[in-house]
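Trainee: sequence-free structure coming up:
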Ligand code: URA
C-alpha cells in the first residue's frame, strides 16, 4: 500500500516509481483520492527528474487504461494515422488523410483544437458550412468505412486522465517535459485504436520544440512508446521556421488544401505531405501496392474524391463557398532583394490576433481571419510590393496583428537563402 506523499517524495529525491505505484496513482486519482495539488507536485518532480523508459511505458499505459480504447478491427483496411506537434500553416492533415485513404488505408484521425499560435485541424474543417467534428464512436466508424478517413474530435472517453493532467500542467509550468508530452500525445493516439502512426515533429521558431536535439529526443521517446504498445510508429522531423504553404488561418487553409488536392499545392507543403504519406503507406503495408502511389492519387483525382466523400459524410458541403473576411489589409515588402526570412512564430501570433486562433479553450475562432503569404523565402521581392495579406472580421484587429509582425520579414541583397528541404530526418525504432 502506497500513498501520494511517498510517491512525490520518491520522485523528488530522484528515485524510480514502481509499476504498481503508478497504476495505483492513476486509479486513486480517478477516484479523487489523490488531490490535484498532489498530482501537480508530482508533475513538477517529474519535470525535474524525468521518467525512465519503463516508468514512462507504465505511466502511458495507465493513462490509456483511464478510458476507452476504440476497436477499429471492423474497418477491413489497414489503419494508420498521423500526428503533428503543431505548426503555423500546418494544414497537412486535411490533405494527407484523404490522400492516404485514396491509396488503400483507413485513416482514423482524432484531432484537437488549436490553442495559442498554432492552428487546430478541427477549427479549420469547421469553416466548411455544415461540417461536424463531434461524432459518436459509431458515427466515426461509419465515416471511416464509407470515406476511408475521418477527422473528428477525440471524444471525452479517450485517455480522460490526460485531460485532467494537461489542465494541471498548463497552470503549473510543467507542459515542457518530454516524458509528459510524449505520454500525453501517445496515450490519446494509442487509445484511438490505430495500428500504425507517423509523427510529424516540427522544429523551429513556430514549433513547440525550437531545438533540433529536443525535437529528436521527443520523436525517439514517442516512437519507442508507440512500438512498446503494439503501434508501428515512425517520426519525421520537419522544419517550422517559416509558415508551411502560403495560407495561415481556417477557411484560407481549407482553400489551400483543396488546391493541393487538385495538384496545385505549394512546394514545401507538398514535400512534407508526400513524405508523410509514403511513411504511412509503408507502415500500412501498402507501399508496393498499385494504388499506393500518393502523387498518382493526387494527379488522377482520387485523393480529392476521398476528401469530398469525407466532408459530405461529416455533414459538410464541399461545394459551398467558404466564409470571407470583411476587411483586408496588405503589408508591403520593406526593401528590394531576396526574401530570406518570414518568421513562423510572428506570423502565427499575428493570425491568432486577427481572430484565427483562441487564447482560452472556450473562445470561438473566426473562420475567415488569417494571413496569405504572397511571397515566401527564396523569392525576389521589390520594396512596396504586397508581401502579406491580412484578413479579419473587425478592423481593430489589424493594429495588434501588425505589431506582432514587427521584425518578421528579412530581405537581403546578398543572394537567396540556402534552399533547405522542409523534411530534416526520419526517426525509427532504436
Ligand atoms: N499536445 C498534447 O496533446 N499534449 C502535450 O503535452 C503537448 C502537446
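Mentor: Yep, it's here. Keep in mind the model is a prediction, meaning the values are calculated, not measured.
Trainee: going forward, measure contacts between C-alpha atoms and count neighbours the same way
Mentor: OK.
Trainee: so where's this protein uncertain?
Mentor: Filtered on pLDDT under 70, the chain yields the residue ranges 114-115.
Trainee: Compute the distance between residue 135 and the ligand, please.
Mentor: 19 Å (Cα to the nearest ligand atom, to the nearest Å).
Trainee: separation between that residue and residue 294?
Mentor: Counting by Cα to Cα, to the nearest Å, the gap from residue 135 to residue 294 is 28 Å.
Trainee: again, but for residue 37
Mentor: 49 Å.
Trainee: Name the residue in those two with the higher neighbour count.
Mentor: Using other Cα atoms under 10 Å as the criterion, residue 37 and residue 294 rank with residue 294 on top: 24 against 11.
Trainee: shouldn't the more buried one be in contact with residue 99?
Mentor: Yes: using Cα atoms under 8 Å, residue 294 is in contact with residue 99, at 6.4 Å.
Trainee: Just give me the residue right at the centre of this protein.
Mentor: Nearest residue to the geometric centre of the chain (Cα atoms, centre = their mean): residue 84, 3.4 Å.
Trainee: secondary structure element for the closest residue to it other than its chain neighbours?
Mentor: Distance criterion Cα to Cα, 6 or more residues apart in numbering; nearest residue to residue 84, sequence neighbours excluded, is residue 200 at 4.5 Å. Using DSSP states H and E, residue 200 sits in strand 196-203.
Trainee: After that strand, which helix or strand is next?
Mentor: Heading C-terminal from strand 196-203 (DSSP H and E), you reach helix 212-228.
Trainee: Centre of the chain to that next one, how far?
Mentor: Counting by Cα atoms, centre = their mean, to the nearest Å, helix 212-228 is centred 16 Å from the centre of its parent chain.
Trainee: which residues are contacting it?
Mentor: Contacts of helix 212-228 with the rest of the structure, by Cα atoms under 8 Å, 6 or more residues apart in numbering, involve 56-57, 178-179, 182-183, 186, 190, 197, 199, 201-204, 209, 232-237, 427-430.
Trainee: Inside helices: which ones of these?
Mentor: 56-57, 178-179, 182-183, 186, 190 (DSSP state H).
Trainee: Looking at neighbours, which among those residues is most surrounded?
Mentor: Using other Cα under 10 Å as the neighbour criterion, residue 186 leads the ones in helices among the contacts of helix 212-228 with 27 neighbours.
Trainee: Could you name every residue contacting both of residue 294 and residue 99?
Mentor: Taking Cα under 8 Å, 6+ apart as the criterion, residue 294 and residue 99 both touch residue 277.
Trainee: And for the residue in the stretch 101-250 of the chain that the ligand sits nearest to, nearest residue in space, chain neighbours not counted?
Mentor: The ligand sits closest to residue 181 of the stretch 101-250 of the chain, with a gap of 3.5 Å, by Cα to the nearest ligand atom. Among residues not flanking residue 181 along the chain, residue 175 sits closest, at 6.9 Å (Cα to Cα, 6+ apart).
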